[in-house]
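Enquirer: please find the sequence and the predicted model below.
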Amino acid sequence: MDLTNIKVLVCDDSVLARKQLIDAVSECGDGAIFVEAKNGAEAVELYKENKPDIVFMDIVMPEKDGTEALEEIKSIDSDALIIVVSSVGTQSQLKKAIQLGAKDFIQKPFEKSQIKEIFELRFGGN
Amino acid sequence: MYTQFLGNYLLQRGIINQQQLFDALGRISQSKLKLGTLAINEGLMTAREVDECLFVQTREDRRFGEIAIERGYLTKEQVEDMMHTQTPDFVLLCQIFVEDGVFSYEDFERIIFDYKNEAELSDFSLDTENQAVIKKLIEKFFWVSETQKDDRNSMYIELLFNSLIRFVDENFTPLTPMVIDEFPVTFGVTQRLISKGTYDTHIECDRETAMAFASKYAKEEFSEFNEYVVAAMEDFLNLLNGLYVVNVSNQFSVDIELEPPAVITDVTLKPQNKLIDLPIVYSFGTIHIIISY
């Protein structure tokens, strides 16, 4: 898949989780540009600066959690494409994330095929 | 999960020691079950009959099954059935102990019988994993007598064992949890759960063990202790606690807040009220799950 100039914001406090997501996206295709944030506050700032095409957002993070960051990013850009990637997926959290505008939820630990499905659906015709 | 429980049972009874367990766990994935072991487990042959056939096998170059059929201990159909039976891994663990001379086939026969009796499992088959059996085993062997017996604590232990099996490596043995006064930590990760009270969960191990654990969890080889190793330990704890939060929410309609995981170095853990240590023995080292509440 051609991902040339597709900007991907990966927001997770775990350096390993960020690496695994970047590896998974890189396996989908070439050319993506990655921006990494390690908490919600950084994610909001980096979103403003970079206007990424897709955001992967963890929930449990220091400083500003994923739900707050999701809400802020959506208030800046209502079209933001945000995928929540978390090990915590209670019904109420899922509901909240969807209400706030998350497009999808991936339970950790994720399979690379789940990331591939998302990219094929969103950028398959790219 | 029965393999893990049986290892604990054997240690508790002094039938094996930790070194013997380490050695056996290290070899379990390369070992294959033998027909004689299966036949004892299925109750088709006695240990004495198996030993007799094994003795004959040492003198005649023939298969175990052929000898057992010829002597009328097994039928051809039984041999074929056993080849296709799914056998729990704890049987394989026992076989390794027999091969290592830790105990005999006769001991194996008795151990399985005693184990089922002590765990009050006589009505259950141990051939397929069963939720009720697992709950019973956890309550029987992994309960700290000073703590309150409740479904949520039992759920945490079960999720821990399941997560280790699914995401790290199934060849481990949990030792019996202990209430302790303090626990000195050189390296570890921690995560706080907040509901009515606070629960501080920790994983402690030495750096070599952390590297092996992280390599298995992340499915990539870490040859040095780096930020990815630390992150993998945090991710595992976060995953375990995340699963717990979801399950408690679904089953008990209780919301638990989860703080981000963090690293701890050179501290001594003290209880808020109680401090519990649940050691998990792998062939590559021991990790301690420590909970303070």
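Expert: Sure, I can see it.

Enquirer: where is the longest helix in chain B?
Expert: Criterion DSSP state H: the longest helix present in chain B is helix B:227-252.

Enquirer: could you do chain A as well?
Expert: Assigned via DSSP H, chain A shows its longest helix as helix A:15-28.

Enquirer: output the lowest mean pLDDT helix or strand found in the chain.
Expert: Chain wasn't specified; assuming chain A. For chain A, counting by mean pLDDT, DSSP states H and E, helix A:91-99 ranks last in confidence among helices and strands (a mean of 82).

Enquirer: wait, chain B was what I had in mind.
Expert: Across the helices and strands of chain B, mean confidence by mean pLDDT, DSSP H and E is lowest for helix B:131-141: a mean of 75.

Enquirer: which is the succeeding secondary structure element to that helix?
Expert: Scanning forward in sequence from helix B:131-141 by DSSP states H and E, the next helix or strand is helix B:151-167.

Enquirer: so which elements touch that following helix?
Expert: Helices and strands touching helix B:151-167, by 3 or more CB pairs under 8 Å, 6 or more residues apart in numbering or on different chains; DSSP states H and E, are helix B:131-141, helix B:227-252, strand B:275-282. The C-beta positions use only the backbone N, C-alpha and C, and glycine is treated the same way.

Enquirer: give the other helices and strands that the helix or strand following it contacts.
Expert: For helix B:151-167, the following helix or strand on the C-terminal side (DSSP H and E) is strand B:172-174. Judged by 3+ CB pairs under 8 Å, 6+ apart, the packing partners of strand B:172-174 are helix B:2-12, helix B:18-27, strand B:275-282.

Enquirer: which residues touch strand B:172-174?
Expert: Counting by CB atoms under 8 Å, 6 or more residues apart in numbering or on different chains, strand B:172-174 makes contact with B:4-5, B:7-8, B:11, B:21, B:25, B:142, B:161, B:164, B:278-282, all of which sit outside it.

Enquirer: okay, A:E120: pLDDT?
Expert: For A:E120, the model assigns a pLDDT of 90.

Enquirer: what is the burial count for the closest residue to it other than its chain neighbours?
Expert: Closest residue to A:E120 apart from its sequence neighbours, by CB to CB, 6 or more residues apart in numbering or on different chains: A:M1 at 7.0 Å. A:M1: 17 surrounding residues under other CB atoms under 10 Å in any protein chain shown.

Enquirer: which residues touch A:M1?
Expert: A:M1 makes contact with A:C28, A:G29, A:F119, A:E120, A:F123, A:G124, A:N126, according to CB under 8 Å, 6+ apart.

Enquirer: sorry, back to before: okay, the least confident helix or strand of chain B in PDB with CA atoms only?
Expert: Provided in PDB are the C-alpha atoms of helix B:131-141 (Å, rounded to 0.1, in the frame of the first residue of the first chain):
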ATOM      1  CA  GLN B 131     -13.600 -22.800  34.800                       C
ATOM      2  CA  ALA B 132     -15.000 -24.300  38.000                       C
ATOM      3  CA  VAL B 133     -11.900 -26.500  38.500                       C
ATOM      4  CA  ILE B 134      -9.600 -23.500  38.000                       C
ATOM      5  CA  LYS B 135     -11.500 -21.400  40.600                       C
ATOM      6  CA  LYS B 136     -11.400 -24.300  43.000                       C
ATOM      7  CA  LEU B 137      -7.600 -24.800  42.500                       C
ATOM      8  CA  ILE B 138      -6.900 -21.100  43.000                       C
ATOM      9  CA  GLU B 139      -8.900 -21.100  46.200                       C
ATOM     10  CA  LYS B 140      -7.300 -24.200  47.400                       C
ATOM     11  CA  PHE B 141      -3.600 -23.500  46.600                       C
END
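
Enquirer: tally of neighbours for A:Q93?
Expert: Using other CB under 10 Å, A:Q93 is surrounded by 21 other residues.

Enquirer: spatially nearest residue to it (excluding sequence neighbours)?
Expert: Excluding the flanking residues, the one nearest A:Q93 by CB to CB, 6+ apart is A:I59, at 6.6 Å.

Enquirer: you'd agree the one you found is in a strand?
Expert: No - membership of A:I59 in a strand is not supported by DSSP: H, G, I helix; E, B strand; the rest coil, which gives coil.

Enquirer: I'd assumed A:A69 was in contact with it.
Expert: No - using CB atoms under 8 Å as the test, A:I59 is too far from A:A69 to be in contact (9.5 Å).

Enquirer: check contacts around the residue of the stretch 101-250 of chain B found nearest chain A.
Expert: Ranked by CB to the nearest CB, the top residue of the stretch 101-250 of chain B for proximity to chain A is B:G242, at 3.2 Å. Contact analysis of B:G242 by CB under 8 Å, 6+ apart lists A:V60, A:S86, A:S87, A:V88, A:G89, A:K108, B:L258.

Enquirer: repeat that for 10 Å
Expert: When contacts are counted by CB atoms under 10 Å, 6 or more residues apart in numbering or on different chains, B:G242 touches A:59-60, A:86-90, A:107-108, B:159, B:163, B:191, B:235, B:258.

Enquirer: repeat that for B:P184.
Expert: Contacts of B:P184 (CB under 10 Å, 6+ apart): B:E204, B:D266, B:V267, B:T268, B:L269.

Enquirer: specify the local secondary structure of it.
Expert: strand.

Enquirer: picking that back up, counting neighbours, which bits of the helix or strand following the longest helix of chain A end up buried?
Expert: Next helix or strand after helix A:15-28 toward the C-terminus (DSSP H and E): strand A:33-37. For strand A:33-37, burial by neighbour count (16 or more other CB atoms under 10 Å in any protein chain shown) applies to A:V35, A:E36, A:A37.

Enquirer: how about the residues of the stretch 51-200 of chain B by chain A?
Expert: When proximity is defined as CB under 10 Å from any CB of the partner chain, the stretch 51-200 of chain B approaches chain A at B:S163, B:R166, B:F167, B:Q191.

Enquirer: circling back to that earlier point, centre of the chain to the least confident helix or strand of chain B, how far?
Expert: 13 Å (CA atoms, centre = their mean, to the nearest Å).

Enquirer: got it, and stretch B:174-187?
Expert: That offset, for stretch B:174-187, works out to 18 Å (CA atoms, centre = their mean).

Enquirer: much appreciated, bye for now.
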